[in-house]
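Trainee: I need the structure of the sequence given here:
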Amino acid sequence: MKVFIIDAFTDQAFKGNPAGVCLVEKEISTATMQAIASELNLSETAFLRRSETSDTDYSIQYFTPTVAIDFCGHATLAAAKLVLHHLNKPFVNFTTFHNLKVHAGSEGENIKMKFPLYDAIDYTPNKELYEAFGIDNPIATKFAKELDMLIIEVSDKTTLESITPDFAKAIQSSDVIKEVVVTAKSEDADYDFYSRCFCPWIGINEDPVTGASHSVLAKYWSQILGKTEMRAYQTSKRGGFMQLKICSNTELEVISNAKIIVEGKLNID
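Mentor: Okay, the predicted model is just below:
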């Protein structure tokens, strides 16, 4: 099986968010995919299988080192980079295990994808969760049920970057939330907003750059800023960027890039 490691949401090696991408030629079990994801030990690994009727249609499944997940933005971008710029296809259509359709095409050197766009509702978590993240006075707290994701807005980028979570306490504080995204409005000209993403509930303490979180953040910040086109930066240690455009109430266009850094063969027989 061909396997790749691809840094997503960046145009530089060793930045952005690394994902494993495996090209599956024959059916393999869920247990085997989970074992491969655990072996690669990246935040997510995507498994692609080409359709028998089209060389631009692929099924895609996502695994963290510990569990299967419904959707992963950075692994989708990594998979698109592979199909578009390594296999040289003009476009690609992915279908997830839960029948979500994702389209991607080239935008110059970058990649343009269509992601789903999700609403978030007001939500008040227990005080233990706020304590776990060291957050005293959030501006707003929202919950996106589709992704079991909590969005917490804080006052500024400095506050955002100073967060040092107690991950064990965070896990104990909720059995509903699977991901906490802390975000702040930008005060500079480079970006419209910043964020960090924490997922200890699924085995990832801090995700370097998270495409799926922007399926919620885009609508959240659009309503605050009065914009449908925005630039976002995730301020993890590795860091990563993306351009966002709200196309409709349910669809988000994401433009970014990715860099293939490892290509190899996985021996599983």
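Trainee: residues in contact with residue 75?
Mentor: 8, 19, 20, 21, 44, 45, 46, 62 (CB atoms under 8 Å, 6 or more residues apart in numbering). Any C-beta I mention is one placed from the backbone N, CA and C, and that applies to glycine too.
Trainee: Could you do residue 246 as well?
Mentor: 117, 218, 219, 222, 228, 229, 252, 253.
Trainee: who does the helix or strand encompassing residue 103 touch, helix- and strand-wise?
Mentor: Taking DSSP states H and E as the definition, residue 103 sits inside strand 101-107. When contacts are defined as 3 or more CB pairs under 8 Å, 6 or more residues apart in numbering; DSSP states H and E, strand 101-107 sits against helix 73-81, strand 91-96, strand 110-116.
Trainee: Run the chain-centre distance for the longest one.
Mentor: What separates the centre of helix 73-81 from the centre of its chain is 9 Å, taken as CA atoms, centre = their mean, to the nearest Å.
Trainee: Show me what counts as buried in that helix.
Mentor: The neighbour-count check on helix 73-81 (16 or more other CB atoms under 10 Å) flags 73, 74, 75, 76, 77, 78, 79, 80, 81 as buried.
Trainee: Dump those residues to TSV, plus pLDDT and distance to residue 197.
Mentor: Formatted as TSV, those follow (pLDDT from 0 to 100; distance: CB to CB, whole Å):
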residue	pLDDT	distance to residue 197
73	88	10
74	93	10
75	95	14
76	95	16
77	96	15
78	98	16
79	98	19
80	98	20
81	98	20
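Trainee: and residue 135, which of the helices and strands packed on strand 101-107 is closest to it?
Mentor: helix 73-81 (24.2 Å; CB to CB).
Trainee: CA atoms of that closest one as PDB?
Mentor: The C-alpha coordinates for helix 73-81 follow below in PDB (Å, rounded to 0.1, in the frame of the first residue of the first chain):
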ATOM      1  CA  GLY A  73     -10.400  19.000   7.100                       C
ATOM      2  CA  HIS A  74      -6.600  18.900   7.100                       C
ATOM      3  CA  ALA A  75      -6.500  15.200   6.100                       C
ATOM      4  CA  THR A  76      -9.000  16.000   3.300                       C
ATOM      5  CA  LEU A  77      -6.700  18.800   2.100                       C
ATOM      6  CA  ALA A  78      -3.700  16.500   2.200                       C
ATOM      7  CA  ALA A  79      -5.700  13.900   0.200                       C
ATOM      8  CA  ALA A  80      -6.600  16.500  -2.300                       C
ATOM      9  CA  LYS A  81      -3.000  17.600  -2.700                       C
END
